[in-house]
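Peer 1: Let me see the structure of the following:
(one chain, ligands or ions: 1)
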Amino acid sequence: MRFVAYRDEDGAEALGRLDGDRVHRLHDVRRIDHEVTSESLRDASADGAGTPLDGLELLPVARPGKIFCVGLNYRSHIAETGRELPTYPVLFPKFASNLIGHGAAITLPPESEQVDYEAELAVVIGRGGRRIAREDAFDHVLGYTICNDVTMRDFQYKTHQWTQGKAWDDSTPLGPVLVTPDELDPGRLAISLRLNGEEMQSSTTDLLIFDIPELIAVTSQFTRLEPGDVILTGTPGGVGFRRDPQVFLADGDVVEVEIEGIGVLRNPVRAEA
Ligand SMILES: NC(=O)N[C@@H](O)C(=O)O
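Peer 2: Numbers count the residues shown, from 1 in each chain. Below is the predicted model:
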């Protein structure tokens, strides 16, 4: 099954089941947050007629209480950054206010001159838990979506931890759809990023160093994962700041992240007004 989060005709948040190019609004579930579960989503009743997807303002597919991001989780990115192979996942946070939906503008803040792109597979939690074992991890997954872990490099490397370069508001696209596990196996999906139509990143998710069960086991060891929480699994090589010459996002650009079996997350880039 596929779900989209959108703004309805009255401007209210809504969640719909996507069937082809029509969205069938769920009656009792307005958004993917700590109250949703895999079951409630599967069994939710929806309106029959549906609305054309085209023209809907899409919102971030989830409203997470927590967003865990993993760095240096592809050898191709570790190689281009000259870093060591991590022995434990390199974790950092993002916050719900950082998220934007498919089609919304990635905002370039006046403070940063080095706004970079990062294609990532995102995992959305559907069943909460603490100290989740690897072998039970997939039972806690609500579904999968796409994220562009937009990063302000000139802020990221001000210190040895990265939050100040990662958690800028209205900068991190998440969407366009949530795909449930009955329809998608995340084991070996093609992932790529295009900037103004030019391919900048290309890899497959079987190359993750710490896989999805490990990331769920590790993060839930120290904190309770809640439904709606999101885990970003890391980006492959090809990021802008490690290119020669360097490439950073500019006003008027269009960035597309594509993941096999999910779709394309497309966002224009705009200088902050
Ligand atoms: N360099 C950097 O920020 N990388 C991470 O975000 C990552 O996904 O590896």
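
Peer 1: Tell me where the stretch 51-200 of the chain has helices.
Peer 2: For the stretch 51-200 of the chain, the helices defined by DSSP state H, counting those that start in this stretch occupy 75-81, 153-156, 163-166.

Peer 1: what sits against the closest residue to R2 other than its chain neighbours?
Peer 2: In this structure, R2 finds its nearest non-sequential neighbour in L18, 4.1 Å apart by Cβ to Cβ, 6 or more residues apart in numbering. For glycine as for every other residue, the C-beta is placed from the backbone atoms N, C-alpha and C. By Cβ atoms under 8 Å, 6 or more residues apart in numbering, L18 lies in contact with 2-4, 24, 53, 177.

Peer 1: Against the ligand, how distant is L18?
Peer 2: 28 Å (Cβ to the nearest ligand atom, to the nearest Å).

Peer 1: buried residues in the helix or strand hosting that residue?
Peer 2: Assigned by DSSP states H and E, L18 belongs to strand 13-19. Residues of strand 13-19 classed as buried: 14-18 (neighbour count, 16 or more other Cβ atoms under 10 Å).

Peer 1: With stretch 22-37 instead?
Peer 2: 23-26, 29-33, 36-37.

Peer 1: Next: stretch 197-209.
Peer 2: Buried residues in stretch 197-209 (16+ other Cβ under 10 Å): 200-203, 205, 207-209.

Peer 1: Against A96, how distant is A62?
Peer 2: According to Cβ to Cβ, to the nearest Å, A62 and A96 sit 9 Å apart.

Peer 1: circling back to that earlier point, beyond the strand holding L18, next helix or strand please.
Peer 2: Strand 13-19 is succeeded, C-terminally, by strand 22-25 (DSSP H and E).

Peer 1: Strands - which of the contacts of L18 land there?
Peer 2: Among the contacts of L18, the members falling in strands (DSSP state E) are 2-4, 24, 177.

Peer 1: Most neighbours among these, please name it.
Peer 2: Counting neighbours by other Cβ atoms under 10 Å, the top entry in the ones in strands among the contacts of L18 is F3, with 27 neighbours.

Peer 1: Name all residues that make contact with it.
Peer 2: 15-18, 26, 32, 41, 61, 143, 177-178, 180.

Peer 1: Please apply the same query to N267.
Peer 2: 100, 102-106, 148, 173, 254-255.

Peer 1: Output the helices of the stretch 51-200 of the chain as a markdown table; include the columns mean neighbour count.
Peer 2: A markdown table is the format used below for the helices of the stretch 51-200 of the chain (neighbours: other Cβ atoms under 10 Å):
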| stretch | mean neighbour count |
| --- | --- |
| helix 75-81 | 16 |
| helix 153-156 | 19 |
| helix 163-166 | 18 |
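
Peer 1: Of these, which is nearest E272?
Peer 2: helix 153-156 (14.5 Å; Cβ to Cβ).

Peer 1: Return the closest one as PDB; C-alpha atoms alone will do.
Peer 2: The C-alpha trace of helix 153-156 is given here as PDB (Å, rounded to 0.1, in the frame of the first residue of the first chain):
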ATOM      1  CA  ARG A 153      28.500  22.200   5.100                       C
ATOM      2  CA  ASP A 154      30.000  25.500   6.300                       C
ATOM      3  CA  PHE A 155      28.000  25.000   9.600                       C
ATOM      4  CA  GLN A 156      28.400  21.200   9.800                       C
END
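
Peer 1: Distance from the chain centre to it, please.
Peer 2: 20 Å (Cα atoms, centre = their mean, to the nearest Å).

Peer 1: Same question for stretch 189-207.
Peer 2: For stretch 189-207, the distance to the chain centre is 14 Å (Cα atoms, centre = their mean).

Peer 1: Same question for stretch 181-197.
Peer 2: 11 Å.

Peer 1: which ones are touching the closest residue to P236 other than its chain neighbours?
Peer 2: Nearest-residue entry for P236: S203, 3.5 Å, with adjacent residues in sequence omitted and distances by Cβ to Cβ, 6+ apart. Residues in contact with S203 (Cβ under 8 Å, 6+ apart) are 74, 76, 190-192, 236-237.
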